[in-house]
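# Give me the fold of what follows.
(one chain, ligands or ions: 1)
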Amino acid sequence: MRIERIELHHIKMRLKNTFITSFGEELDRECLLVRVYSEGLDGWGECVATRVPGFSYETVETAWHVLRDFFIPAILNRPISHPRELKQHLQAYKGHPLARAGLEMALWDIGGKLDGKCLRELFGGEKHSVPVGVSVGIQENPEAMIAKVGEYLQLGYGRIKIKIKPSADMEVASAVRDRYPDINLQVDANSAYALSDAPLFKDLDSLDLSMIEQPLAEDDLIDHAALQAQIKTPLCLDESIRNQRHAGQAIAIEACRVINIKSGRVGGLTEAIAIHDCCLREGVPVWCGGMLETGIGRAANLALASLPGFTLPGDISASDRYYDPDIAEPRFMLNSDSTIDVPDRPGLGVDVLPEELERVTVKVDVLT
Ligand SMILES: [Mg+2]
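Okay, the predicted model is just below:
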């Protein structure tokens with residue numbers, strides 16, 4: 001294919017619930033959408049960079065600059081036979097995985113449409129519906145967290161993840177465990193701790209958590225290995241795993257026993273699949289993380305999670321968990337067994353709604 005035109009859309013959407021993590025609060029979610037055109041078709045990608053450099057050093061503004069001035073000119077009007085070739089086209093450039101991933105997702109979408117295949121088929125995914133859970137942001141106090149968790153259990157989510165931070169950790173997690181002794185419960189610390197906090201994590205062992213996600217620094221493997229050796233609960237790495245090499249190294253030194261794969265964090269779906277393949281070979285279970293995606297990124301996450309190594313529930317909630325309305329159709333609904341169906345139409349399998357897109361658009365740039 002030859003990409004003839006690319007649009008960048010900076011959008012800003014109101015979240016149904018303010019999302020609080022150890023990084024801070026999100027009331028409106030900003031991100032970039034990438035729309036590519038070729039042979040009379042179009043494809044969409046979602047770049048999950050945020051307004052502030054909290055999860056990553058990238059922001060919507062850095063991603064806009066890097067895409068517009070470097071990444072897009074590297075592929076525009078040049079032959080590209082498969083989305084995985086994007087890596088070679090961008091080999092002169094370092095970093096900016098969220099920007100890369102947004103562009104690559106659009107190539108997967110249009111590539112699938114040109115081939116008449118859904119992403120699950122292109123990836124070699126097996127599952128037609130995938131187990132999902134919900135990620136609950138930090139609440140004002142343990143009682144509010146218990147109430148919030150209760151709401152999601154009522155809606156049918158079979159796995160609950162709660163965000164923790166220093167000052168809102170053991171007390172809140174044990175309160176939730178006391179109230180709901182049998183649920184599949186895990187915690188995510190988003191790098192808010194140091195190895196000297198090991199006593200806290202030893203205490204968390206008593207709560208029968210399915211995992212503790214990314215307790216230590218976002219670029220660390222060594223201290224995570226030291227912590228894992230001291231506790232029984234499996235550690236899961238998120239921020240620390242930026243590519244397949246990191247995944248292999250983390251497994252080799254037992255820095256974790258589970259990996260959360262986010263295609264944005266690792267520079268795209270191609271690298272995400274490579275990490276999955278590495279973990280499958282090593283017998284390490286993986287699950288698909290979430291970045292508050294719209295229906296576009298959510299569709300890509302569902303296709304990724306259809307791969308056989310994604311044996312744990314992902315942070316892929318139903319569309320109505322975050323946005324009402326969303327900018328794409330069909331909306332993803334939670335099935336009664338806490339799964340969501342994987343789209344099966346060509347490409348991502350979603351249609352962007354022009355009126356909804358217009359309503360949330362901050363700015364657009366067209367490159368030809
Ligand atoms: Mg995380």
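# Residue numbers of the stretch 101-250 of the chain in contact with the ion?
Counting by C-beta under 5 Å from the ion, the positions of the stretch 101-250 of the chain adjacent to the ion are 188, 213, 238. Just so you know, the C-beta spots here come from the backbone N, C-alpha and C atoms, and that holds for glycine as well.
# Keep only those of those that are in strands.
188, 213 (DSSP state E).
# Among the residues of the stretch 101-250 of the chain next to the ion, which one lies nearest to P83?
P83 lies nearest to D238 out of those, by C-beta to C-beta, at 23.8 Å.
# which ones are touching that closest one?
188, 190, 213-214, 260, 262, 265, 289 (C-beta atoms under 8 Å, 6 or more residues apart in numbering).
# The stretch 101-250 of the chain: helices as residue ranges?
119-123, 142-155, 170-179, 198-204, 222-228, 244-252 (DSSP state H, counting those that start in this stretch).
# Could you figure out how far the helix or strand of the chain with the lowest mean pLDDT is turned away from helix 142-155?
Here the helix or strand of the chain ranked lowest by mean pLDDT, DSSP states H and E is strand 5-21, holding a mean of 89. Orientation check (axes from the mean of the first three to the mean of the last three C-alpha atoms, to 10 degrees): strand 5-21 against helix 142-155 gives 130 degrees.
# buried ones in strand 5-21?
Buried residues in strand 5-21, counted by 16 or more other C-beta atoms under 10 Å: 6-11, 13, 15, 19-21.
# now stretch 233-252
By 16+ other C-beta under 10 Å, the buried positions in stretch 233-252 come out as 233-244, 246-251.
# Now do D344 against L119, distance only.
Between D344 and L119 the computed distance is 10 Å (C-beta to C-beta, to the nearest Å).
# Please identify which of these two sits among more neighbours.
Applying other C-beta atoms under 10 Å to D344 and L119 shows that L119 carries more neighbours, namely 28 against 13.
# Go ahead and confirm that one touches G347.
Yes. Judged on C-beta atoms under 8 Å, L119 makes contact with G347 at a distance of 6.8 Å.
# Overlap of the contact sets of these two?
Shared contacts of L119 and G347 (C-beta under 8 Å, 6+ apart): 108-109, 112.
# which one of the residues you listed is nearest P354?
P354 lies nearest to D109 out of these, by C-beta to C-beta, at 16.5 Å.
# okay, and for the protein, where does confidence drop off?
Per-residue confidence for the chain (pLDDT under 70) gives these ranges: 21-22.
# domain assignment for it?
5-116+351-367, 121-341 (automatic domain parsing).
# and the longest one, how far out from the chain's middle?
So the one you mean is domain 121-341. Its chain's C-alpha centre and that of domain 121-341 lie 9 Å apart, by C-alpha atoms, centre = their mean, to the nearest Å.
# Which residue does the stretch 51-200 of the chain have closest to the ion?
Closest residue of the stretch 51-200 of the chain to the ion, C-beta to the ion: D188 (4.4 Å).
# what's across from that residue in the sheet?
Taking DSSP bridges as the rule, D188 bridges to K163, E213.
# and C279, what helix or strand is that in?
According to DSSP states H and E, C279 maps onto helix 269-282.
# re earlier: near the ion, anything from the least confident helix or strand of the chain?
No. Using C-beta under 5 Å from the ion, strand 5-21 never reaches the ion; the gap is at least 8.2 Å.
# circling back: widest-spaced pair of the buried residues of strand 5-21?
Farthest-apart pair in the buried residues of strand 5-21 is I6 and I20; separation 34.5 Å (C-beta to C-beta).
# Which single residue of this structure approaches the ion most closely?
Taking C-beta to the ion, the ion has its nearest neighbour within the chain at D238, 3.7 Å off.
# Now do the helices for the stretch 251-368 of the chain: every range, in order, please.
Remark: helices assigned in the stretch 251-368 of the chain by DSSP H, counting those that start in this stretch are 269-282, 295-304, 354-360.
# Pull out the buried positions in the shortest one.
Buried residues in helix 354-360, defined by neighbour count with 16+ other C-beta under 10 Å: 356-357, 360.
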